[in-house]
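# give me the fold of what follows.
(one chain, ligands or ions: 2)
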Amino acid sequence: MIPTRLLLARSSTVLGISKWAPSTWAPLKLSQLHSLQASSRLFSLGTVDHAKHQEASGKKLLSEKKLKRHFVDHRRVLVRGGNGGSGMSCFHSEPRKEFGGPDGGDGGNGGHIILRVDQQVKSLSSVSSQYQGLSGEDGGSKNCFGRSGASLYVQVPVGTLVKEGGEVVADLSHPGDEYIAALGGAGGKGNRFFLANDNRAPVTCTPGQPGQERVLYLELKTMAHAGMVGFPNAGKSSLLRAISNAKPAVASYPFTTLNPHVGIVHYEGHQQVAVADIPGIIRGAHQNKGLGLSFLRHIERCHFFLFVVDLSLPEPWTQVNDLKYELEKYEEGLSGRSHVIIANKIDLPQARAHLPQLQARLGQEVIALSALTGENLEQLLLHLKVLHDAHMDAELEQGRQPFRW
Ligand SMILES: Nc1nc2c(ncn2[C@@H]2O[C@H](COP(=O)(O)OP(=O)(O)OP(=O)(O)O)[C@@H](O)[C@H]2O)c(=O)[nH]1
Ligand SMILES: [Mg+2]
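Ligands and ions are numbered 1, 2, ... in the order given. Below is the predicted model of the structure:
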């Protein structure tokens with residue numbers, strides 16, 4: 001059940017990580033809440049910042065434009081497995097020993113190129129456009145086999161789709177997932193391999209096989225439990241800042257956020273809910289207006305949505321309808337995914353007046369809050385937990401391993 005009045009969230013800090021402890025909710029007056037929040041940053045929680053955009057480290061914050069350069073969400077990669085080493089053709093030679101027999105060793109196998117999911121990697125910017133696997137060594141005399149080339153691991157972020165010729169060949173959605181992008185070539189055989197009863201002195205040896213060559217398209221779809229969807233300036237980044245320690249830029253002009261940011265909300269019992277702040281969507285985004293479709297792809301992987309509406313604007317329900325329309329145009333059925341409507345900027349007087357109308361028009365629960373003052377944030381946090389738990393249960397019921405951040 002979601003409480004309808006303001007509740008106090010106890011914030012307990014363990015090793016610098018604050019957690020929400022919903023078990024100790026107690027009624028709290030609005031004025032008390034404000035003073036508490038101002039004094040102890042009640043809503044500051046433990047975090048992972050998608051863009052490594054931390055203030056606390058003392059480092060200068062990167063501007064969104066610079067971050068955009070670092071944030072790469074698609075990449076064309078040419079991968080070539082290592083070539084196999086050639087087999088050797090030679091005969092055993094020893095003083096006073098005639099016909100020592102063939103002793104040419106096999107060549108080593110070429111190294112594979114393997115894509116591996118690393119949770120520390122947040123974008124495809126570190127992925128190069130070409131990879132060449134390590135070649136196997138040639139075989140030697142005295143039955144010496146060549147050393148095989150080691151596999152080359154390419155670290156990719158969680159949520160990387162691997163496509164070849166328009167077809168999805170791998171979906172790397174869990175930390176530690178691996179995909180062999182290019183197989184190394186097999187090593188050649190030395191003449192010792194061809195020794196047979198009817199051929200005691202084979203001279204045949206085979207060359208190593210070339211490694212596999214493929215052109216792959218990597219596409220990153222941000223993985224988070226909840227995706228924040230809203231028009232520019234609705235206050236998505238402000239909200240993410242309020243509930244997590246992620247630090248997306250906030251400003252009063254549209255399209256401030258140019259990259260998805262992920263913040264982590266920590267709950268008691270080491271439960272974490274990842275919330276993604278997606279760049280603003282406008283009417284006609286599916287026709288590439290505004291920042292276009294490129295960012296809708298990051299919404300696709302979120303298990304549920306937070307529709308953030310600017311309640312201070314007239315007819316705020318049109319924002320919800322437009323957002324749903326854009327999602328539906330991008331992918332059928334996307335707007336039907338579980339969601340919650342967040343009416344932001346309730347601290348503004350005109351916003352309060354719009355609330356009853358919005359509720360009546362939408363016919364569903366609306367969480368009215370203020371990212372700026374922190375008013376009613378805990379209702380959102382509770383709802384987030386309810387949606388997250390419902391998702392976890394559904395995944396477990398279907399025998400799937402739920403995504404954990
Ligand atoms: N009064 C008031 N202003 C808010 C609130 N939340 C955000 N704002 C202001 O609204 C403006 C836009 O906030 P952002 O958080 O950058 O909005 P956004 O949705 O991330 O915008 P884009 O990144 O452009 O999509 C800023 O000037 C914020 O200070 C709120 O609850 N109340
Ligand atoms: Mg923003």
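# for the stretch 151-300 of the chain, which segments are assigned as strands?
152-156, 160-164, 167-172, 178-182, 213-220, 226-230, 261-267, 271-277 (DSSP state E, counting those that start in this stretch).
# repeat for the stretch 1-150 of the chain
So, for the stretch 1-150 of the chain - with DSSP E, counting those that start in this stretch - the strands run 10-14, 17-21, 74-80, 113-117, 130-132.
# pLDDT on the second one, on average?
Strand 17-21 comes out with an average pLDDT of 39.
# got it, and the first one?
Averaged over strand 10-14, pLDDT sits at 28.
# for the strands of the stretch 151-300 of the chain, which one sits closest to ligand 2?
The closest of those to ligand 2 is strand 271-277. By CB to the ion, the value is 6.0 Å. C-beta coordinates here come from the backbone N, C-alpha and C atoms, glycine included.
# give the pairing partners of the closest one; include direction for each.
Its sheet considered, strand 271-277 pairs with strand 226-230 (parallel), strand 261-267 (antiparallel) by DSSP bridges.
# how about the residues of this protein by ligand 1?
Within the chain, the residues that sit near ligand 1 (CB under 6 Å from any ligand atom) are 230, 232-238, 250-252, 254-257, 279-280, 344-345, 347-348, 370-372.
# which stretches of the stretch 251-400 of the chain have low pLDDT?
The stretch 251-400 of the chain contains residues with pLDDT under 70 at 292-293.
# so which of the residues of the chain next to ligand 1 reach ligand 2?
Restricting these to those within reach of ligand 2 (CB under 5 Å from the ion) leaves Ser237, Thr256, Thr257.
# give me the spatial nearest neighbour of the first one, chain neighbours excluded.
By that I understand Ser237. Excluding the flanking residues, the one nearest Ser237 by CB to CB, 6 or more residues apart in numbering is Pro248, at 3.9 Å.
# tally up the residues packed near that neighbour, please.
Pro248 has 27 neighbouring residues, counting by other CB atoms under 10 Å.
# quick one: it and Asp277 touch, right?
Yes: in terms of CB atoms under 8 Å, Pro248 counts as a neighbour of Asp277; the distance is 5.2 Å.
# give me the common contacts of those two.
Taking CB atoms under 8 Å, 6 or more residues apart in numbering as the contact rule, Pro248 and Asp277 both touch Ser237, Leu240, Thr257, His261.
# which parts of the stretch 251-400 of the chain sit against ligand 2?
Thr256, Thr257.
# do that again at 8 Å, thanks
Thr256, Thr257, Asp277, Pro279, Gly280 (CB under 8 Å from the ion).
# mind putting the residues you listed into CSV with distance to Gly188 and neighbour count?
Shown next, in CSV, are those (distance: CB to CB, whole Å; neighbours: other CB atoms under 10 Å):
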residue, distance to Gly188, neighbour count
Thr256, 59, 18
Thr257, 55, 26
Asp277, 54, 30
Pro279, 53, 27
Gly280, 58, 23
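# which among those residues gets closest to ligand 2?
Thr257 (3.1 Å).
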